[in-house]
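1. model this:
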Amino acid sequence: MAHSRSARDFVALSDLHPNLARPNVIGVVIGKTDVRSFPDRKNIGTERYTFSFTIRDSPTYFINVQSWGREEYIRSLSESFRVGDCVTIENPLIQSKEAEREEKFNPVTPSCYKLLLSENHSVVKTSSCYEADTRLLSLLHLPVKDPQDYYSLGDIVANGQSLHGRVLNVLAAVMSVGEPKYFMTSDKRKGQRCEVKLYDETERSFPIVCWDNESIQLAQSWIPQETVIFASDVRINFDKFRNCMTATVISKTIITTNPETAEANVLFSFIKENAQAGALPNPVKELANETINLETVVDVYTVEQLKEKTLQSDGKLDPLHGIIYGYISTLDIDENVSKVLRNRCSICRFIVNEVSNTCTFCSDVSPECKSTFASFDILVDVTDHTGTLRSCYLSDCVAEEALGCTVHEFLMLEEDQKTALKWQLLLERSKIYFKVTLSPNWRTGLKVNLLSCKLADPVEASQSVLGRDWKY
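-> Predicted structure coming up:
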C-alpha cells in the first residue's frame, strides 16, 4: 500500500535525474491547471487530454508534472487531488525541460527537469497518512518567489497602462470573493469566471479574475478581510471597459495562501487594525459592483424576444445578459442636470441619499474616510424593429463611454453642445449589451441596466435584423 512506505523510500526532487530507475517522489501540490484537450495528430478526428500540476518537497525545490492520455484517465486523475493535497508519484518519466518554451505557460521552477506521467506505468496517490505531511503542508505557506519581490496594488494603479500585459507578483489581502459565474463560449465550450477584490495599505479595492476551476475553488476557501495571498506570476491588464487595472490568474500563476513572511505579517497587522477600527466596507457591497466580462455575453435578442422570455419565466428569472441591435430612442441629457447626474459613494459606488448626501450602505465607515463624486445616471428608452424597452439605466462609466465624455467635461458644455452630443447617439443603430432583472417595484416590472452602448457595425446590425445571428 502507498502509505506503508517510509520517507527514505522517496527521492528528493532536487536529486532527480533521467538515469534513475523507477523513482518515487512525494510532495505537496502548490499549483494545478484544468484539464484541456488537443487534436491528436496521430489519430485524426480524436483528441488527447492533458493537465499539469506543481509539487514541492522543500522550501527551495519544486517541479512541474504533466500528464497526457485518454479523457477518462486524465479527468479521473485530475479529480483525485487538489491544491494543498500531498501526493506520491511512482515511476514518473524524468525529462529535461526546455525552460524558455515551457516556462512561457508553466510555473517557473528551480528544477531543470519536469515529470511526465504515463497511464500504464505511473501511479499517483494522495498521501495524507505520511509522517512527512506536517513538514510538507508547512510549505504551502512559503511563496515560490522572493517574498520581497512584489508590486503593491498602489504601485500597479500608479504605473497604470505601462504595466499592461506584464506578468508580476502581488501581495494583498482579500476584500471579497465573488460567486463563480458559468457560461457557454461561442464555440460551445463551458466556461467559468470568478472575481476577487483585493486590498492593501495603498489601495482599497483591486480586482483579480480567475478563469479556471482550480483557482476558483481555491478562491472560494479564502475568508474576506482575514486571508492574505502572495500571487506569483499574475498577468496585469488595463480594463478599458472599467477604466482600471486588473490582475488575471494564468497557467503560470502559483498562489500562496496566508504566506508566512515578514511582509505578509505587516499586511496581517494592517487587516486587523482596520477591522477593529471599522474602516473597511462590507464585502457584500463590493460584490454589488461586480462587472460582467462582455466577451462572455453572446446571446442576441430582439426587444420582443426579451419581453416574451421574461413573461415565460413565471417570476423566477435569473439575471439575464444579452445583446440588442437597436437604438436609443429617448435620451434627455439637455434638460435638467438633476435628471442626468447623481452623487455616488467613493467607497462602494452606490447612489447616495440626495438630501443628506451620505451613503446608507457605508454607515460603518468613519466620516473622514468617505466622500462622494458626481456620476451619470440616465434613464433611456431602447428600441428596435419589434418594440421598446422603457426606462433603462445608462449609468456611471458605461454612460461616459457611450457619450464620449466625462462628467466634468459634460458639465462644461453649453446647452446647444449637449443637444449636439445627444444626437450623436440618439436614433443611431447601436450594439447594446444589457443586464435584465425582474423588479416588481420597478415601473415596468423589469430593471434593465445597459452594460455597453456603441455604434454597431452596419453589416453586423443588418445580419441581426435578418435573424442570422439570433441565439435562443
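
2. Can you spell out which helices and strands pack onto the helix or strand containing A231?
-> Using DSSP states H and E, A231 sits within strand 228-239. The contact analysis (3 or more Cβ pairs under 8 Å, 6 or more residues apart in numbering; DSSP states H and E) places strand 228-239 against strand 167-177, strand 206-210, strand 244-248, strand 254-257, helix 262-277. From N, CA and C alone the C-beta is placed, and that goes for glycine too.

3. Check the offset of the longest one from the chain's centre.
-> Read it as helix 262-277. Averaging C-alpha positions (Cα atoms, centre = their mean, to the nearest Å) puts helix 262-277 25 Å from its chain's average.

4. Make 296 the starting number, not 1.
-> Noted, 296 is the first residue going forward, which turns the last one into helix 557-572.

5. any idea how far N560 lies from F501?
-> In this view, N560 and F501 are 21 Å apart by Cβ to Cβ, to the nearest Å.

6. Between those two, point out the one with more neighbours.
-> Legend: neighbour count by other Cβ atoms under 10 Å for N560 and F501, higher for F501 (23 against 12).

7. Distance check, the closest residue to D329 other than its chain neighbours against I545.
-> Among residues not flanking D329 along the chain, D507 sits closest, at 4.5 Å (Cβ to Cβ, 6 or more residues apart in numbering). In this view, D507 and I545 are 9 Å apart by Cβ to Cβ.

8. ok, the strand holding A526: who's next to it in the sheet?
-> Here strand 523-534 is paired, per DSSP bridges, with strand 462-472 (antiparallel), strand 539-543 (antiparallel), strand 549-552 (antiparallel).

9. could I get those strands as JSON lines with mean pLDDT?
-> As requested, those are exported to JSON lines (pLDDT from 0 to 100):
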{"stretch": "strand 462-472", "mean pLDDT": "94"}
{"stretch": "strand 539-543", "mean pLDDT": "93"}
{"stretch": "strand 549-552", "mean pLDDT": "96"}
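
10. Figure out which of the ones you listed is closest to V323.
-> Distance to V323, taken as Cβ to Cβ, is lowest for strand 549-552 among those, at 11.6 Å.

11. just to revisit the earlier point, now the strands paired with strand 523-534 as a markdown table including distance to R336 and mean neighbour count?
-> Compiled in a markdown table, these are given as follows (distance: least, Cβ to Cβ, whole Å; neighbours: other Cβ atoms under 10 Å):
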| stretch | distance to R336 | mean neighbour count |
| --- | --- | --- |
| strand 462-472 | 30 | 23 |
| strand 539-543 | 30 | 19 |
| strand 549-552 | 30 | 23 |
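
12. between the ones you listed, which gets nearest to L674?
-> Nearest of the strands paired with strand 523-534 to L674, taken as Cβ to Cβ: strand 539-543 at 25.7 Å.

13. report the angle between the axes of the closest one and strand 501-505?
-> Orientation check (axes from the mean of the first three to the mean of the last three Cα atoms, to 10 degrees): strand 539-543 against strand 501-505 gives 30 degrees.

14. Any chance you could list what contacts strand 539-543?
-> Residues from elsewhere that reach strand 539-543, judged by Cβ atoms under 8 Å, 6 or more residues apart in numbering: 451-452, 455-456, 458, 465, 493, 501-504, 506, 526, 529-534.

15. any low-confidence regions in the stretch 646-767 of the chain?
-> Applying pLDDT under 70 to the stretch 646-767 of the chain flags the ranges 648-665, 734-740, 759-767.

16. hmm, back to that, can you tell me which of the contacts of strand 539-543 are classed as buried?
-> Buried subset of the contacts of strand 539-543 (neighbour count, 16 or more other Cβ atoms under 10 Å): 451, 458, 465, 493, 501-504, 526, 529-532.

17. okay, those residues in CSV with distance to G340 next?
-> Converted to CSV, the buried ones among the contacts of strand 539-543 look like this (distance: Cβ to Cβ, whole Å):
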residue, distance to G340
I451, 45
L458, 43
V465, 43
L493, 44
F501, 45
P502, 41
I503, 39
V504, 35
A526, 39
V529, 37
R530, 34
I531, 40
N532, 36
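
18. which one of those is nearest T349?
-> The closest of those to T349 turns out to be A526 (Cβ to Cβ; 14.2 Å).

19. now the strands: where do they sit in the stretch 296-445 of the chain?
-> Taking DSSP state E, counting those that start in this stretch as the test, the strands found in the stretch 296-445 of the chain are 319-327, 331-334, 342-353, 356-364, 381-385, 388-391, 408-412, 418-421.

20. ok so, going back, can you check what angle separates the strand holding A526 from strand 319-327?
-> Using the same axes, to 10 degrees: strand 523-534 against strand 319-327 is 50 degrees.

21. relative to helix 557-572, how tilted is strand 523-534?
-> Per the same axes, to 10 degrees, the angle that strand 523-534 makes with helix 557-572 is 90 degrees.

22. rewinding a little: quick one: which of the strands paired with strand 523-534 is nearest G617?
-> Checking the strands paired with strand 523-534 against G617 by Cβ to Cβ gives strand 539-543 as the closest, at 23.7 Å.
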